[in-house]
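J.: Show me how the following folds:
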Amino acid sequence: MNEENRKFLVVGLGEILWDVLPDGKQLGGAPANFAYHSHVLGVEGVVVSCVGQDELGKEILESLTNLGLSTDYIAIDAEHPTGTVTVELDSEGNPEYTIHEDAAWDFIPSTPELRELAAKADAVCFGSLSQRSRTSQETVRQFLEATHSGCIRVYDINLRQQYYSKEIIDDMLTRAEVLKLNDEELPVVASLLGIKGEDNAVLGSILKRYGLRLIVLTRGGEGSLLFGDGEISICRSSDSIEIADTVGAGDAFTAAVTAGLLRGKKLDEINKFANRLAGFVCTQVGATPKAPESLSSQI
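T.: The predicted model follows:
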């Protein structure tokens with residue numbers, strides 16, 4: 001079958017939660033956002049996580065179903081509550097996040113069904129936040145070890161609060177094929193790994209040290225850089241857009257890059273499309289808007 005027409009299976013592995021804002025709550029968690037945007041792009045997106053046996057957990061399952069996503073791999077934990085993040089705004093509207101601990105997604109169980117899913121996955125996206133607990137960290141590791149050699153393992157680093165370390169980043173990079181990070185995270189990662197120099201030199205060092213296929217660097221309104229072995233794609237944001245919020249834009253970008261790689265697209269084509277999709281998400285409220293078919297069918 002032509003790779004462009006094949007129905008790929010991709011997995012978002014890690015946290016799922018509610019972002020609790022002053023005016024209400026929104027479904028959150030980078031892995032879930034990634035799976036949703038993959039689904040919009042015509043890929044079979046699956047979320048692997050855990051919710052509590054409570055009303056918030058029930059609402060997450062209902063939300064995923066309404067978004068067209070399967071809940072087959074969402075575990076239910078009777079001992080821990082569904083995850084929440086309290087979002088407070090200062091006088092200028094800048095958000096401050098409190099990610100509450102001992103949430104259900106800290107206890108994602110490793111099961112035979114998950115290992116079977118891993119063996120079938122064409123790509124899996126994972127981050128640092130789900131590594132904060134021993135249980136979920138071990139589940140992530142076992143899942144990655146069960147993937148086949150052709151699976152694209154995407155480490156969307158997502159540094160949050162104090163929930164990362166040099167050891168976690170180093171370990172996850174050894175298990176990854178693609179690294180995705182933003183321009184605020186790059187200097188933090190470089191410092192933790194003891195790498196100095198300009199951005200491209202740092203990216204080259206990380207790529208070589210861990211034998212990565214690709215590093216994806218997003219730069220907000222400045223665009224993005226895809227850094228491969230012997231190939232670099234630079235895309236500068238040129239469109240003027242009215243931003244509603246930026247929630248989920250990075251996850252949409254990661255989903256677009258993953259879909260593009262699976263379909264064998266060139267880096268420049270992937271980069272340009274990922275920017276357009278992320279830009280669209282920024283014009284919408286929330287992390288999971290549905291992209292118009294004219295956009296979603298371009299990659």
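J.: Okay, now the unreliable bits of the stretch 101-250 of the chain?
T.: For the stretch 101-250 of the chain, residues meeting the criterion pLDDT under 70 lie at 238-239.
J.: Okay, buried residues for stretch 99-112 please.
T.: Residues of stretch 99-112 classed as buried by neighbour count (16 or more other Cβ atoms under 10 Å): 99, 103-108, 110. (Each C-beta comes from the backbone N, C-alpha and C, glycine too.)
J.: May I see those residues arranged in a markdown table, with secondary structure as well?
T.: What follows is these, written out as a markdown table (DSSP: H, G, I helix; E, B strand; the rest coil):
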| residue | secondary structure |
| --- | --- |
| Ile99 | strand |
| Ala103 | coil |
| Ala104 | helix |
| Trp105 | helix |
| Asp106 | helix |
| Phe107 | helix |
| Ile108 | coil |
| Ser110 | coil |
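J.: What is the most widely separated pair among those?
T.: For the buried residues of stretch 99-112, the farthest-apart pair by Cβ to Cβ is Ile99 and Ser110; their separation is 22.5 Å.
J.: Dump the C-alpha coordinates for the longest helix belonging to the chain into PDB.
T.: Secondary structure of the chain per DSSP state H: the longest helix is helix 267-282. Once non-C-alpha atoms are left out, helix 267-282 reads as follows in PDB (Å, rounded to 0.1, in the frame of the first residue of the first chain):
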ATOM      1  CA  LEU A 267      11.300  18.200   5.700                       C
ATOM      2  CA  ASP A 268      10.400  21.600   4.100                       C
ATOM      3  CA  GLU A 269       6.900  20.400   3.300                       C
ATOM      4  CA  ILE A 270       6.400  19.000   6.800                       C
ATOM      5  CA  ASN A 271       7.700  22.200   8.400                       C
ATOM      6  CA  LYS A 272       5.500  24.500   6.400                       C
ATOM      7  CA  PHE A 273       2.400  22.500   7.000                       C
ATOM      8  CA  ALA A 274       3.100  22.100  10.700                       C
ATOM      9  CA  ASN A 275       3.400  25.800  11.100                       C
ATOM     10  CA  ARG A 276       0.100  26.400   9.300                       C
ATOM     11  CA  LEU A 277      -1.700  23.800  11.500                       C
ATOM     12  CA  ALA A 278      -0.200  25.200  14.700                       C
ATOM     13  CA  GLY A 279      -1.100  28.700  13.600                       C
ATOM     14  CA  PHE A 280      -4.700  27.700  13.000                       C
ATOM     15  CA  VAL A 281      -4.900  26.200  16.500                       C
ATOM     16  CA  CYS A 282      -3.700  29.500  17.900                       C
END
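J.: packing partners for that helix?
T.: Secondary structure elements in contact with helix 267-282, counted by 3 or more Cβ pairs under 8 Å, 6 or more residues apart in numbering; DSSP states H and E, are strand 224-228, strand 231-235, helix 249-262, helix 293-296.
J.: Show the secondary-structure elements that the third one is packed against.
T.: When you say that, I think you mean helix 249-262. Using 3+ Cβ pairs under 8 Å, 6+ apart: helix 249-262 touches strand 9-13, helix 30-40, strand 123-126, strand 152-156, strand 178-182, strand 214-218, helix 267-282.
J.: The next helix-or-strand element following the first one versus helix 30-40: what angle between them?
T.: Towards the C-terminus, the helix or strand next in line after strand 9-13, according to DSSP states H and E, is strand 17-21. Strand 17-21 runs at 100 degrees relative to helix 30-40, counting by axes from the mean of the first three to the mean of the last three Cα atoms, to 10 degrees.
J.: which helices and strands does whatever helix or strand comes next after strand 17-21 pack with?
T.: Counting by DSSP H and E, the next helix or strand C-terminal to strand 17-21 is strand 24-28. When contacts are defined as 3+ Cβ pairs under 8 Å, 6+ apart, strand 24-28 packs onto strand 17-21, helix 55-66.
J.: what do you get if the cut-off is 6 Å, keeping everything else the same?
T.: Contact analysis of strand 24-28 by 3 or more Cβ pairs under 6 Å, 6 or more residues apart in numbering; DSSP states H and E lists strand 17-21 as its packing neighbours.
J.: Tell me how far the strand it packs on lies from the chain's centre.
T.: 17 Å (Cα atoms, centre = their mean, to the nearest Å).
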